[in-house]
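*Asks:* For reference, the sequence and a predicted model appear below.
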Amino acid sequence: MSSTAVSPGCAAGTGQMLARGFKSSFVPDTTPIVFVLDENASVRESLEHLIRREGWRSAAFESADEFFSLPPVNVPNCLLLDAGAASFDAFDLQRRVAADRLSTSIIFMAARINVGTAVKAMKSGAVEVFKKPIPEDALVSAIREALKHSRTNLAREALRSRYSGLSRREREVMALVTSGLLNKQVGGELGISEITVKKHRGRVMQKMQANSIADLVKMAEKISFQYLSGIGGFEA
């Protein structure tokens with residue numbers, strides 16, 4: 001990997017045009033996506049060239065409105081965010097992404113960044129903060145880390161969604177089964193027959209997409225951790 005810095009290239013098309021192309025061409029693909037939100041067209045093109053060279057998909061935007069006009073995606077993704085933009089507040093955008101696009105990791109970049117801004121960005125969840133021009137190898141490494149975070153968040157959200165689809169009784173059965181109780185013991189705890197327990201257990205396995213009880217136990221452990229950590233909005 002070259003250690004040269006990402007530098008401006010030729011002017012790119014508008015973010016709106018890029019967004020339209022992204023919607024029509026890339027949605028079926030599962031390749032990770034790196035979004036670029038920067039007011040400078042030449043910076044957008046330079047970054048897109050680097051992103052595509054590394055085998056990722058890219059979509060670049062000039063404004064926050066253009067970026068948010070694109071629906072959230074269900075593949076690993078991250079956002080290279082121009083923290084020095086004049087048309088939007090980077091921290092407001094970061095909060096909006098955190099609320100509405102849980103799988104999108106953010107990398108801050110700006111021509112001028114002070115220590116206070118960098119610390120605030122990192123505490124608010126940014127994967128990395130860069131001062132332009134950015135060394136290519138450092139940026140690629142940060143993007144890989146951001147996509148890794150995104151994969152974790154996507155898996156967490158998928159688990160949350162499946163667990164939310166369980167009925168209250170199915171959650172009770174899941175909790176008792178994954179604690180090591182036999183069907184008969186689960187039935188005794190809940191005051192239902194063993195046959196009914198088996199039916200609930202089968203539905204739990206199907207809805208949670210678990211191939212075995214061992215898989216279900218691992219899922220239950222993750223759910224418990226996320227609930228105790230306040231992650232993902234799990235109910236008690």
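*Replies:* Alright, I've got the coordinates.
*Asks:* now the helices for the protein?
*Replies:* 15-26, 41-53, 64-68, 90-100, 115-123, 136-164, 168-177, 183-190, 194-208, 213-229 (DSSP state H).
*Asks:* Indicate which one of those is closest to residue 83.
*Replies:* helix 90-100 (4.1 Å; Cβ to Cβ). The C-beta positions use only the backbone N, C-alpha and C, and glycine is treated the same way.
*Asks:* now the closest one: mean pLDDT?
*Replies:* Average pLDDT, helix 90-100: 93.
*Asks:* Let's see it as PDB, backbone CA atoms only.
*Replies:* What follows is helix 90-100, C-alpha atoms only, in PDB (Å, rounded to 0.1, in the frame of the first residue of the first chain):
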ATOM      1  CA  ALA A  90     -20.400  17.600  11.700                       C
ATOM      2  CA  PHE A  91     -21.300  16.800  15.200                       C
ATOM      3  CA  ASP A  92     -25.000  17.300  14.600                       C
ATOM      4  CA  LEU A  93     -24.700  14.900  11.600                       C
ATOM      5  CA  GLN A  94     -22.800  12.400  13.800                       C
ATOM      6  CA  ARG A  95     -25.600  12.400  16.300                       C
ATOM      7  CA  ARG A  96     -28.200  11.900  13.600                       C
ATOM      8  CA  VAL A  97     -26.300   9.000  12.100                       C
ATOM      9  CA  ALA A  98     -25.900   7.400  15.500                       C
ATOM     10  CA  ALA A  99     -29.700   7.700  16.000                       C
ATOM     11  CA  ASP A 100     -30.900   6.700  12.600                       C
END
